[in-house]
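> A structural model of the following input is requested.
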Amino acid sequence: MSSDKRGIGLLGGTFDPVHNGHIAICRSYLDSGYIDKLYVVLTPNPPHKTDRELTDFNHRLNMLNLALNDLSNLWVSAIEDKLSRPSYTVNTVMYFRNEFPDEQLYLCIGEDSFNHFTEWYHWEEIIENCTLLVARRPNTDDSNLPEKLKNNARFIGHEEIGISSSEIRDRLSDGEDVAQELPEEVMNYINDHHLYQTAT
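Take a look at the predicted model:
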């Protein structure tokens with residue numbers, strides 16, 4: 001279902017590294033009928049991922065640009081590198097709200113994130129300033145979520161690709177071939193810069 005007025009989508013993440021699953025979900029959001037522009041926002045320092053050191057921000061930014069370069073109506077944003085730390089989503093939403101005061105903003109998230117959204121920092125302020133655009137996952141239950149949250153969400157279909165960045169990092173560290181999971185340009189970049197590979 002499409003809204004009467006298309007808006008701007010915001011999709012955040014650490015993209016460490018970006019993979020074909022990320023590209024597929026970008027296409028699903030762009031094809032949803034709700035947005036006509038998508039900003040993919042690279043997160044330098046997410047508050048919920050403190051268990052490991054992220055790959056250098058500029059390497060992740062370069063890979064993101066290589067992976068998404070061919071998608072129309074999509075921009076890669078490094079704005080969170082200039083905003084206050086840690087990188088709370090509410091700060092990013094308010095930045096785009098100020099940049100586009102008259103546009104409908106959609107925060108693009110997966111249904112797993114949606115089901116834990118009330119744990120996000122200042123989640124009510126987020127939904128006061130944008131609508132959630134949620135990629136459905138099978139067999140999830142959101143019946144216990146607050147009505148004000150569910151009323152703020154729009155759901156889209158998405159065929160998930162069963163791959164994660166953490167799995168790709170682990171496989172690269174073990175010397176396995178992951179070329180089928182990444183754009184060729186990203187794979188070449190990883191090899192050229194010896195990323196995610198255990199030193200021998």
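> going forward, measure contacts between C-alpha atoms and count neighbours the same way
OK.
> can you show me the helices along the chain?
20-30, 57-68, 89-99, 111-114, 123-129, 147-150, 165-173, 184-193 (DSSP state H).
> could the ones you listed be laid out in CSV, adding mean neighbour count, mean pLDDT and distance to Ile79?
Formatted as CSV, the helices of the chain follow (neighbours: other Cα atoms under 10 Å; pLDDT from 0 to 100; distance: least, Cα to Cα, whole Å):
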stretch, mean neighbour count, mean pLDDT, distance to Ile79
helix 20-30, 19, 96, 19
helix 57-68, 18, 98, 11
helix 89-99, 17, 97, 8
helix 111-114, 18, 91, 22
helix 123-129, 15, 97, 17
helix 147-150, 13, 94, 26
helix 165-173, 16, 95, 22
helix 184-193, 15, 97, 22
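> Pro47: which of these is closest?
helix 89-99 (9.6 Å; Cα to Cα).
> can you give me how far that closest one is from the chain middle?
15 Å (Cα atoms, centre = their mean, to the nearest Å).
> which strands and helices lie in contact with it?
helix 123-129 (3 or more Cα pairs under 8 Å, 6 or more residues apart in numbering; DSSP states H and E).
> what do you get if the cut-off is 10 Å, keeping everything else the same?
The contact analysis (3 or more Cα pairs under 10 Å, 6 or more residues apart in numbering; DSSP states H and E) places helix 89-99 against strand 7-13, strand 105-110, helix 123-129.
> redo the helices of the chain as TSV? Include distance to Leu83.
Supplementary listing: these in TSV, determined by distance: least, Cα to Cα, whole Å:
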stretch	distance to Leu83
helix 20-30	24
helix 57-68	14
helix 89-99	7
helix 111-114	22
helix 123-129	16
helix 147-150	26
helix 165-173	24
helix 184-193	27
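> which one of those lies closest to Ser77?
helix 57-68 (8.6 Å).
> what does the closest one contact?
With contacts defined as Cα atoms under 10 Å, 6 or more residues apart in numbering, helix 57-68 is touched by 14-20, 22-23, 26, 40-45, 54, 69, 74-78, 81, 182-190, 193, 195.
> with stretch 80-90 instead?
Residues contacting stretch 80-90 (Cα under 10 Å, 6+ apart): 10, 12, 41-48, 57, 91-92, 95, 107, 120-127, 129.
> make it 6 Å
For stretch 80-90, contacts defined as Cα atoms under 6 Å, 6 or more residues apart in numbering pick out 43-47, 126.
> filter the residues you listed down to the buried ones.
For the contacts of stretch 80-90, a burial check counting by 16 or more other Cα atoms under 10 Å picks out 43-46, 126.
> what's the closest of these to Glu111?
Looking across those and measuring by Cα to Cα, the closest to Glu111 is Ile126, at 16.4 Å.
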